[in-house]
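In: curious how this folds, go ahead:
(one chain, ligands or ions: 2)
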Amino acid sequence: MNDNHYNHKGSRNGNGINNQLHVSNNNTSPSATELEEDPPLVKNQPRNLEDYFFPTHRFQKTLQDPKKEPLVIVACGSFSPITYLHLRIFEMAKDYIIEDSKFEIMGGYFSPVSDHYKKEGLAPAYHRVRMCEMAVERTSTWLMIDAWESLQKEYTPTAVVLDHFHEMINIQGGGVKTSDGKTRNVKIMLLAGGDLIESFRIPNLWSNEDLHHILGDFGCLIVERTGADVWGFLLSHDILYEHRKNVYVIKQLIYNDISSTKVRLFVKRGMSIKYLLPNSVIKYIQQHQLYLGNTETIESVIDSDNEVVAQISKKIEVLNL
Ligand SMILES: Nc1ncnc2c1ncn2[C@@H]1O[C@H](COP(=O)(O)OP(=O)(O)OP(=O)(O)O)[C@@H](O)[C@H]1O
Ligand SMILES: NC(=O)c1ccc[n+]([C@@H]2O[C@H](COP(=O)(O)O)[C@@H](O)[C@H]2O)c1
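Out: Ligands and ions are numbered 1, 2, ... in the order given. The predicted model follows:
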């Protein structure tokens with residue numbers, strides 16, 4: 001386990017916050033075509049830890065409404081590859097937060113898992129990071145990719161990843177400013193799909209200590225997923241229920257169940273993946289010949305009724321349980 005676990009003080013790996021490319025974020029999103037015409041003001045994440053910097057080019061440094069709590073949303077996952085579903089869950093969360101009116105979003109981050117997460121079908125971490133960067137750089141005003149987790153020398157539990165965001169944003173970054181010049185700490189919340197939350201019940205996959213830390217000290221936005229009974233699970237899981245005031249369940253008003261596993265399968269079978277993920281990512285997959293020789297078992301992917309069960313059993317294998 002990473003020795004910085006739960007440490008909210010001091011610096012980690014000497015990573016500084018890079019404020020050079022700050023672009024302010026507001027809630028009126030420009031149209032996709034407007035964004036696509038703009039040259040991306042983005043410095044890509046490096047491929048080694050020594051050159052790592054925390055991306056802040058779309059981080060809103062000033063809280064506009066002092067009655068609201070500043071919030072950063074973090075999604076952890078494989079993103080092999082990133083799809084429109086992964087991008088949509090952030091937009092669903094944003095709509096939910098605006099409607100709920102308790103928080104003001106200061107930024108959103110994808111944190112792709114490292115290669116030490118031994119899951120079938122993972123492209124190398126630097127490819128996954130780059131595909132995530134391409135997916136957002138011309139399409140979003142508030143989403144960023146943080147490569148820190150992907151660059152670690154060992155598998156990093158999600159609780160430690162959230163500690164890293166707290167460290168970068170609140171400790172090293174000094175939080176955000178209010179209009180009267182004061183500073184405020186930013187709340188960090190995990191954004192996850194219903195399947196990820198259901199994996200909490202797998203013995204030894206998540207430690208109770210980590211779950212209390214993630215749900216109690218940070219908080220969680222859960223996007224419901226077809227086949228996953230999030231409300232039922234929330235009721236039945238003791239730790240989730242204990243922290244239910246810090247757990248927000250987001251309804252999918254338009255069901256979207258694009259899965260990376262199926263995208264990998266389509267690539268392997270030479271089928272079209274157009275309109276499932278951004279063109280820039282499709283081009284990247286083709287250029288780097290990703291997923292062509294994948295050997296993952298595919299029977300479970302096709303059986304959509306058993307999808308959640310199949311994903312959970314895959315996760316047990318991933319962490320060698
Ligand atoms: N259909 C979905 N609805 C809601 N959330 C989802 C859905 N698919 C993935 N997610 C969420 O997106 C995050 C990243 O997931 P991940 O990278 O595992 O995507 P995936 O498409 O499920 O991948 P794979 O098929 O490789 O398991 C997780 O929190 C996951 O729960
Ligand atoms: N104990 C833990 O912190 C723990 C356990 C299982 C999965 N996870 C995370 O959940 C995410 C799951 O991603 P996938 O759905 O792609 O497997 C990954 O980011 C992984 O690191 C964390």
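In: ok, which stretches of the stretch 201-321 of the chain are helices?
Out: Assigned by DSSP state H, counting those that start in this stretch, the stretch 201-321 of the chain shows helices spanning 208-212, 230-236, 238-242, 260-268, 279-287, 299-302, 307-318.
In: what's the least confident stretch among these?
Out: In terms of average pLDDT, helix 299-302 trails the rest of these, at a mean of 44.
In: what is the burial count for residue 101?
Out: 10 (other Cβ atoms under 10 Å). All C-beta atoms are positioned from the backbone trio N, CA, C, and that covers glycine.
In: what about the nearest residue to it once chain neighbours are set aside, how many neighbours?
Out: Nearest non-adjacent residue to residue 101, counting by Cβ to Cβ, 6 or more residues apart in numbering: residue 68, 7.2 Å away. Neighbours of residue 68 under the rule other Cβ under 10 Å: 16.
In: if I look at residue 68, how far off is residue 292?
Out: 47 Å (Cβ to Cβ, to the nearest Å).
In: quick one: residue 107 is in a strand?
Out: Yes - membership of residue 107 in a strand is supported by DSSP: H, G, I helix; E, B strand; the rest coil.
In: excluding chain neighbours, what is closest to it?
Out: Using Cβ to Cβ, 6+ apart, the closest residue to residue 107 is residue 59 (4.3 Å).
In: quick one: secondary structure of that neighbour?
Out: Residue 59 - assigned by three-state DSSP - is coil.
In: interface residues of the stretch 201-321 of the chain facing ligand 1?
Out: 223, 225, 257, 259, 260, 261, 311 (Cβ under 6 Å from any ligand atom).
In: generate a PyMOL selection restricted to the buried subset of those.
Out: The buried residues among these can be selected in PyMOL (16 or more other Cβ atoms under 10 Å) with this line:
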select buried, resi 223+225+259+260+261+311
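In: restrict the residues of the stretch 201-321 of the chain next to ligand 1 to those near ligand 2?
Out: Within those, nothing lies near ligand 2 by Cβ under 6 Å from any ligand atom.
In: would you turn the residues of the stretch 201-321 of the chain next to ligand 1 into a markdown table with distance to residue 185?
Out: A markdown table is the format used below for these (distance: Cβ to Cβ, whole Å):
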| residue | distance to residue 185 |
| --- | --- |
| 223 | 25 |
| 225 | 31 |
| 257 | 36 |
| 259 | 36 |
| 260 | 33 |
| 261 | 37 |
| 311 | 34 |
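In: which one of the residues of the stretch 201-321 of the chain next to ligand 1 is nearest to residue 116?
Out: residue 260 (18.4 Å; Cβ to Cβ).
In: list the contacts of that closest one.
Out: Residues counted as contacts of residue 260 (Cβ atoms under 8 Å, 6 or more residues apart in numbering) are 78, 79, 80, 81, 82, 83, 121.
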